[in-house]
Each structure stands twice: as structure tokens, then as C-alpha cells.
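**Q** Got a predicted structure plus its sequence, pasted below:
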Amino acid sequence: MSAAAMRAATYVCALLTLLVVALAAGRGSDAALMGIDLGSQYIKVATIFPRRGVDLVVNEQAKRKTPAAVAFTAENARVFGDAALAVAAKKPQRALLLTRDALAACDATLLKSNEELDECVQQRATFVVDESNSLVFTAQEVTAMLLDLGRVFTAASLAQSPSAVRDVVITVPSWYSLSAKTAVMDAARLADLNVLALVPTNTALAIKYALDWKSDKDNETVLFYDLGASSSTASVIQVARTGKKNEKTVVKALAHAHDLELNGAALDELLAQHLASKFDEQRGVLDGTSLASQPRSRDLPRVMVRLGREAQRVREVLSANQEAYASVESIWEDIDFRQLVTRADLEDMARPLLARVGAPIREALRKAGLSSIEDIDSVVPFGGLSRIPGIQAELLELTGRTTLNKSVNADEAAVYGAAYLAASMSTSYRVKPLEMQDVYMGGSKVAIDVHREADSTKSSQRTLVFNDADSKCPGKKSITLKRRGDFVVDMLLSAGVDDTSTNSDFIFRRVNVSGAAKVYRKLQNTSVEDAPAAKVTLVFDMSESGLVTFSRGEAQLDEQVTTERRVPVKAKSKKAETDSTKAGENTEARTGDEAGGNPESKSASSEAPTPQPEESNQEQSREAGKEEVEYRIETSTKTVVYRETLHIQELDDPSVRRLGLSDNEIDRMQRQLRALAAADKDRRDKADAYNALEGRILHARSAMAEESFEAVSSEAERARIIEWTSEAEEWMWSDEAESLANLRGKLKELEALVSELFFRHDERSIREETKESLDKFVDEITQNATLLLTLHKMGPSEHVSKFEEFLELVKQKQESLDALYVEQLERDLTMAPVFTSKEVINAINALQHEFKALKRIPPPSFDTADSQSPGPDEMDGADTENGDEAVEDPFDGSDESGPQAGDEDEDKDEL
């Protein structure tokens with residue numbers, strides 16, 4: 001194969017590769033998803049990166065975790081993360097913190113009425129920043145802001161639009177109740193996200209542990225202990241691998257147990273109180289006294305917020321060091337605070353918390369049905385408190401071990417597991433099979449209360465459907481009852497430990513179930529009055545998120561149906577009877593002849609029979625073949641099953657206590673969030689326009705003092721620009737500069753004022769370089785065209801004139817530009833240039849285009865024997881002998897490395 005063919009094949013292969021990459025990128029853009037670890041202090045996000053698999057997403061500061069904080073500045077500008085914490089240190093009332101805990105602050109199972117629920121939400125789950133400016137938000141709205149922030153980070157990492165990222169798996173505490181989980185779902189709905197699942201944090205971390213697990217065992221029972229910032233949860237989880245090649249990962253949670261009082265925030269509060277007392281001593285405010293000019297630190301919100309942040313930092317430092325200094329500059333009235341804290345001091349403060357570490361472990365073992373800690377194969381602690389040496393020592397003593405399993409990244413494993421679960425639930429990615437099963441948690445129980453009839457208030461049946469003792473996620477349960485007509489179903493939530501107790505039960509959903517009467521219309525032999533009540537089956541589902549729904553209902557009615565049918569009785573045909581009669585006659589004739597020996601009879605029998613017409617014979621044959629059929633009546637009884645799908649309709653009843661937001665509330669909150677997003681965008685655009693105008697003003701004014709600009713401008717022109725920029729600087733401090741349109745209009749004025757001057761300056765700076773490039777190009781192209789012209793003159797060619805015309809064109813173009821260049825040298829630099837660099841570039845491109853067409857003209861052929869052109873086969877052979885490597889046709893259908901017919905999941909990304 002020739003060198004030109006090889007280059008063409010290489011080009012085609014490269015083009016196909018680019019096409020495949022583009023198609024893969026396009027497919028990925030339609031399947032963007034993320035996992036979000038929604039912590040009380042930090043939010044972490046992971047997604048599926050092309051050719052990287054699951055990895056964490058970084059924020060705008062290239063950090064892998066972002067503080068779960070939202071704040072509003074004095075100008076009501078919304079900020080997130082570290083910027084929000086900076087606002088919280090100065091104005092705590094304008095910061096929205098600990099939103100995950102606020103979602104669970106008002107558990108509907110612990111409240112008696114809707115009024116109490118509303119009051120709780122108002123006091124504990126509502127953030128009031130500035131009521132006069134409508135900056136009042138529910139916990140769901142603030143959580144939606146954080147979820148949307150995670151989507152923005154994910155879209156930026158994938159170079160996609162935020163609207164392309166919709167599917168998400170969110171981690172939540174295992175102790176979240178049904179109302180708290182519903183609040184998270186509402187927050188995701190406000191952010192326009194599709195929640196694939198809510199997964200407990202410990203279970204998400206167990207997924208990552210199972211994916212990295214390397215053991216000779218088929219399965220392992222692990223104790224995962226999350227000692228987090230706001231709660232502690234102990235979970236007993238089994239991990240296993242199944243399948244012929246152990247390709248399937250199984251994660252099965254057996255039990256969860258928690259302690260809300262054992263958390264990092266509690267220890268930080270103890271340390272902050274200790275630091276506050278030390279600061280009071282430093283300021284001269286002793287215990288039991290309070291000076292009017294020196295209030296106690298505990299009464300100063302700003303001081304306590306800053307001490308709280310410093311306490312968290314000191315705790316983290318003491319996890320690896322014996323001592324650390326707490327230092328806060330200008331903590332109060334320009335007073336600096338500095339205090340030494342030792343690890344012994346910290347562990348002494350943590351002593352009440354150490355006593356609580358064992359309770360969740362014992363409770364988790366009891367719920368999992370394990371007799372002792374010896375049944376646990378490994379203990380995996382994680383969370384902020386787990387880094388404290390005193391906590392680790394307590395865990396070793398409680399579990400009877402010498403070491404703890406620290407094989408997983410405690411900060412990132414949960415979000416990694418959430419993202420992997422999202423990929424396994426998506427149809428756009430192909431991952432190793434994952435089976436996850438969890439237990440229903442939250443301390444509440446879902447019961448079903450079925451009324452006798454639709455208009456009856458008296459219940460006839462109460463059935464416990466889901467509780468944390470025997471219910472798995474995902475799961476499905478059903479109840480059966482007898483009904484003839486419509487009826488009402490109440491779904492109740494209970495916080496009591498006694499399954500039969502209804503003291504704290506409340507209805508969170510009431511539906512009317514209709515359609516049972518329709519099944520009676522299908523009866524055939526039985527009247528409606530005589531028919532029994534239909535068997536009604538109600539099916540309730542529990543999703544992977546632990547949310548209970550009334551999925552469907554069906555009515556079934558059985559009937560004994562008697563049917564009659566005619567059954568044919570087997571009979572002889574007429575043909576058989578005729579043959580039998582003839583046979584008898586022939587026998588009698590033969591017997592008579594033999595007995596009498598009548599010669600006449602013998603003579604008569606030897607005569608030929610008289611022929612019959614053909615049609616008559618056929619008719620007789622058909623008649624003879626018919627059967628005389630007799631029938632009898634058979635009676636049979638069978639059971640017929642009739643089924644009818646029931647219609648479920650939500651009832652709006654004031655006695656029903658809502659768990660989630662109504663559609664009207666969702667719509668109102670989404671409008672408010674969109675308004676905030678629009679205001680944020682307006683502020684960003686305004687800041688960008690302001691910075692662009694300010695930068696352009698500074699550049700324009702400083703340029704007027706440079707010699708290169710002085711050479712191409714008049715003194716009056718420079719003075720006009722300097723005066724305009726000075727006025728513009730003052731204008732930027734006026735109220736008119738608050739308008740985005742005004743800022744953009746001012747920038748256009750400046751561009752119009754300086755554009756011609758800057759154009760002359762730029763043209764002058766590159767004119768000599770452009771001229772040198774033109775001369776070099778003309779020399780090269782003239783030389784190459786001359787060689788081709790010589791070649792065509794040596795042999796018979798009809799294209800000689802084309803090369804001569806091209807060389808003349810090159811000469812004319814160079815002479816024209818040389819003349820313009822000479823004219824430019826004599827021209828005043830403050831005037832517009834005679835020619836531009838763009839014109840020179842266009843001339844070069846035009847000549848290159850012409851020359852490429854000339855190079856495609858085949859060379860002349862020579863008649864000498866030694867110069868005959870080889871044929872295709874000879875050229876291939878010559879190439880091979882010279883060592884050229886043959887290149888396969890990329891379009892050859894015999895290529896077995898490409899995708900074969902029948903390949904499955906060819907549109908899926910494999911992790």
C-alpha cells in the first residue's frame with residue numbers, strides 16, 4: 001500500500017475514534033447521576049466520570065467536601081459553604097446551619113395534632129433570616145438549596161448543563177422517621193431531582209466496603225459504627241459475594257441502633273463551654289459575677305459561634321496530637337483569645353459520652369438476633385468521634401478486639417457507595433451486580449385501618465403492616481378482607497412500642513377504595529344477593545427508601561358455574577350396513593349354488609354385470625359414507641374466578657395529619673427558590689460586568705502612558721480617553737452602576753471610544769511579523785510551484801499553463817502587498833492602516849487553496865521502458881519489499897474485533 005493510502009487509512013481510523021468518543025460523550029450527557037452524602041456539617045457529592053468510574057466531585061475551591069451551610073449577607077446575597085460559615089461567624093442569625101437535623105426536628109409521630117405540628121415547624125424547622133424581605137425558609141427549602149448546589153458542582157465537573165443531572169441517591173441517618181424521609185423527598189422535589197433511593201449512611205458505607213472486600217470467606221458479618229457530628233449509629237450488616245464467579249455483591253442490613261445524644265457536636269459544645277469560661281477568666285468575668293460592661297461569653301452569640309468553630313478544629317487536632325492551642329483573633333471588642341488544651345482535658349470532658357458508646361452496639365446485636373459480639377467478624381468505626389483515641393480504646397474494650405478495621409475512607413466511603421448504588425439502579429450504566437436489603441427503621445409502625453363502608457367511621461379491621469422488627473426494604477405486604485362495595489382505608493403511623501396501642505396513632509393518609517361492586521356484574525348463574533362478599537386484596541409496598549405506599553387493590557369473586565354440552569355417541573355408517581347386507585346375500589347365493597348345482601344359475605353368474613352410470617355410483621358412495629350420529633347431554637361444574645382492579649382515590653380530610661408538603665406549598669416554594677436563583681444569577685452577571693468594566697478602564701488609562709500607544713495616537717485622543725475613564729470611575733460608585741444594563745452599556749461606550757486606537761496599536765505590533773511570514777510563504781510556494789512546472793514541462797502535459805498562471809498570480813500578489821507596505825511606512829501612524837494583518841492572512845490562505853488544487857494534478861507519464869509506472873499489484877509488492885507495513889481497511893467486514901451482532905447493552909457505560 002502506498003504512503004498516501006496509509007495516511008488516508010490512518011486518518012479514517014482517527015476519525016472513527018473521534019466519532020465513537022463523541023457518541024459516548026453524548027450518551028453520558030443523557031445519563032448524568034450523582035450520589036449525595038447529606039451530612040449535618042458537610043455535603044459530599046460523587047458521580048460517574050467517563051473512563052474514571054465513580055469519584056468525588058470537587059467544589060469551586062477544588063475541595064472534596066463542602067460545609068452544609070447557607071447564609072445571606074447584609075445585602076441579602078445568598079452564599080454557600082465556607083463563605084456561609086464566614087457570615088455565620090459575624091452574624092449567626094443570617095446563617096442556616098444543621099439543616100439535616102432540622103428535617104427531623106418535628107417528628108409527626110411525637111405530636112398530637114396538626115396544630116402542634118405547625119407550631120413545631122414554625123419554631124424548630126423554620127429559618128428566619130429577614131422577615132421583612134421574605135427571607136423565611138423551611139428546612140426542606142434549605143435542603144433543596146444544598147441539593148441543587150451538589151447538582152451544580154456535578155454538572156461543572158462533567159461539563160454539562162445542571163438540567164442534565166436529575167437522578168440521585170441520597171444518604172440519610174438510619175433513624176430517620178417516615179416524616180423525616182418524606183421531608184427529604186420533598187426537598188429533592190423542590191430541587192427538581194429524581195430520587196432513586198434514600199439509603200442509610202451506614203449501609204452506603206457498607207456498599208463501598210463490600211466492593212473493596214477481599215476475603216476467602218463467602219460472607220462476613222460486620223459492625224459499622226458511625227460516631228458522627230449529630231448522632232451515633234451502630235449497624236450489623238452482612239456482606240457477601242455470590243454467583244459462579246463471585247461477581248454479585250450482596251449487602252444485607254440486619255439491624256440498626258442509634259443514640260442521638262452521642263455525637264461530635266455535643267463534645268464540641270462541652271469544649272466550647274470550657275473555652276468560654278477561660279475567656280471569661282481572661283476578661284475578668286468570674287463565675288457568679290456579671291459586669292455590665294463585660295457580659296458572659298455564653299450570652300454573646302457571635303463569641304459562642306466562633307468558639308464553637310475553634311472547638312471543632314481543636315478536637316480534630318487533638319485526635320493526632322497531645323496538645324493544641326485554641327486561638328481566636330478579635331473575638332470580642334478587639335480582644336484576642338488563646339488557650340492551651342491537652343488531650344487529657346478533652347478526654348476528661350468526653351467521659352460522659354464514653355459511657356454511652358456501648359448501648360447502640362448491644363441494641364444492634366439484640367435486634368440482629370446475635371448472641372454476642374463474638375458473632376461479629378469485623379468492626380468498622382467512622383465519623384468524627386471515631387478518631388479520638390479515647391473512643392477507639394473504648395470500642396476495643398467493648399468488642400474484645402486488639403485492632404479496629406480502618407480499611408475504608410471514613411470521609412468518602414458513604415458517598416461513593418451512594419453513587420455506585422445510583423449507577424446500579426440506572427439503565428444507562430453497566431456495573432457489577434449489587435443486591436441491597438435494609439430494615440425498616442424510624443421507631444414508627446405503619447398500620448392499616450379499614451372502615452366497614454365508605455360512609456362509616458367505625459373500623460372493622462386493624463392490621464400492622466410494617467415495623468422495624470420484621471420489615472425489609474424493599475418489601476411488599478398485603479392484607480385481605482371481604483367487601484361488597486366501596487370502603488375507606490386509613491394508613492396510620494404509630495410511635496408506640498406496643499403494636500396494639502393506638503394512643504399515639506395518627507392517620508397520615510386516607511383513601512377511598514371503589515370498584516369492588518363491579519366484579520358482581522361478571523356473575524353468570526348467581527344473583528348479586530346470593531353471591532358472597534368479594535375477597536379484596538390490598539397491596540402495600542415499601543421502597544428502597546423506606547417509604548410506604550398503597551400500591552394497588554384487587555377484588556376477587558369465585559362462582560360455581562354449571563354448563564351443559566352435547567356429546568356425540570359413536571354409530572355405524574350406512575356404508576358399513578350396506579356392505580354387511582351384500583355380504584350376507586352373496587353367502588346365501590353361494591350356498592344355494594353349491595347345494596343344487598343349478599347350471600343356469602352358474603351360467604347367469606358368469607355373465608358380465610350391467611354397467612351403472614358414474615354419477616349414480618358416486619352419489620351412492622357418498623350416501624353410504626355418512627354416519628348416523630347420536631348425541632347425549634353432559635353436565636359439568638367448574639369454578640370461575642372473576643377479578644377487578646380497584647380504584648384508589650385520595651381523600652382530603654382535616655383529620656388527616658400530613659407528612660409532606662402539599663402541591664400548593666411545593667409550587668410556592670419552587671417559585672421562591674427560582675427567584676433566589678435568578679437573583680443569584682443577576683448578581684453574578686452584575687459582578688462580572690462590573691469587573692469587566694473596571695478592568696477595561698484600568699487597562700485603557702494605563703495604556704495611554706505607554707510609548708507604543710503614544711506612537712499611534714494623538715495627544716487629544718489620549719486626553720479624551722483619560723478624561724472619559726476618570727468620569728467612568730466616579731460613575732461606578734453611583735446608583736446607576738447598580739443596573740446590569742447600565743454596566744454593559746458603559747462597557748460598550750468604552751469599547752467604541754478605544755477600539756480604533758487599540759486596533760492601530762495591535763496592527764503595528766504584528767505588521768513586521770506578518771510581512772516576514774508573507775515573504776517566507778511566497779518563497780516556499782514559488783519554489784514548489786516551479787518544481788512542479790518543470791516536471792510537467794519534461795513530459796507531455798496539458799497543465800503547464802495552469803502552473804504558469806499560478807506563479808504569475810503569486811508574483812502579482814506579492815508586488816501588490818509590497819506596494820501597500822511601502823505606502824504604510826510613509827503613512828501617519830495615527831491614521832487607519834493601509835492594509836491589515838487579516839488581509840495578508842486571507843491572501844496567504846487563498847494562495848494555499850489554489851496550490852492544493854494544483855498539487856492534485858497527476859504528474860505526466862513517460863514512455864521509456866525504465867520509467868513505466870508500476871501497476872497496483874507491483875506497487876503493493878514494492879512497498880512490502882521496502883518494509884512498508886500493510887494497513888488493513890478499517891471498513892473491512894472481516895474485522896472480528898468490532899462489535900458483533902447480538903452484543904447486549906452496547907449503549908451502556910461499563911464500570
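**A** Ah, there it is.
**Q** got any ranges where the stretch 801-911 of the chain has weak pLDDT?
**A** Counting by pLDDT under 70, the stretch 801-911 of the chain shows low-confidence ranges at 862-911.
**Q** Tell me where it has strands.
**A** For the stretch 801-911 of the chain, the strands defined by DSSP state E, counting those that start in this stretch cover 909-910.
**Q** in it, which spans are helices?
**A** Taking DSSP state H, counting those that start in this stretch, the helices of the stretch 801-911 of the chain run over residues 837-855, 872-881.
**Q** Same check on the stretch 651-800 of the chain?
**A** Listed in chain order, the helices of the stretch 651-800 of the chain (DSSP H, counting those that start in this stretch) span 663-703, 707-711, 715-731, 740-794, 800-825.
**Q** Next: the stretch 151-300 of the chain.
**A** Using DSSP H, counting those that start in this stretch, helices in the stretch 151-300 of the chain cover 178-190, 201-212, 264-283.
**Q** Compare the ones you listed and give me the one nearest residue 683.
**A** When the helices of the stretch 151-300 of the chain are compared by C-beta to C-beta, helix 178-190 sits nearest residue 683, at 21.3 Å. C-beta coordinates here come from the backbone N, C-alpha and C atoms, glycine included.
**Q** Let me have that closest one in CSV, keeping just the CA atoms, if that works.
**A** C-alpha atoms of helix 178-190 as CSV (Å, rounded to 0.1, in the frame of the first residue of the first chain):
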residue,chain,number,x,y,z
LEU,A,178,-41.1,8.3,57.8
SER,A,179,-41.9,12.0,58.2
ALA,A,180,-38.2,12.9,58.0
LYS,A,181,-37.7,10.8,54.9
THR,A,182,-40.7,12.4,53.3
ALA,A,183,-39.2,15.8,54.1
VAL,A,184,-36.0,14.8,52.2
MET,A,185,-38.1,13.6,49.3
ASP,A,186,-39.9,17.0,49.3
ALA,A,187,-36.6,18.8,49.3
ALA,A,188,-35.5,16.8,46.3
ARG,A,189,-38.7,17.6,44.6
LEU,A,190,-38.2,21.3,45.2
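**Q** And it, what does it pack against?
**A** Where contact means 3 or more C-beta pairs under 8 Å, 6 or more residues apart in numbering; DSSP states H and E, helix 178-190 is packed against helix 99-103, helix 139-158, strand 167-172, strand 194-200, helix 663-703.
**Q** Compare those and give me the one nearest residue 32.
**A** Closest approach to residue 32 among the helices and strands packed on helix 178-190 is made by helix 139-158 (5.8 Å; C-beta to C-beta).
**Q** Quick one: distance of the closest one to the chain centre.
**A** Centroid displacement of helix 139-158 relative to its chain, using C-alpha atoms, centre = their mean, to the nearest Å, is 12 Å.
**Q** and if you look at stretch 696-711?
**A** Taking mean C-alpha positions (C-alpha atoms, centre = their mean), stretch 696-711 and its chain are 51 Å apart.
**Q** for it, what is the average pLDDT?
**A** Averaged across stretch 696-711, pLDDT comes to 93.
**Q** what comes into contact with it?
**A** When contacts are defined by C-beta atoms under 8 Å, 6 or more residues apart in numbering, stretch 696-711 is touched by residues 713, 718, 721-722, 725-726, 728-729, 747, 750-751, 754, 757-758, 761, 764-765, 829.
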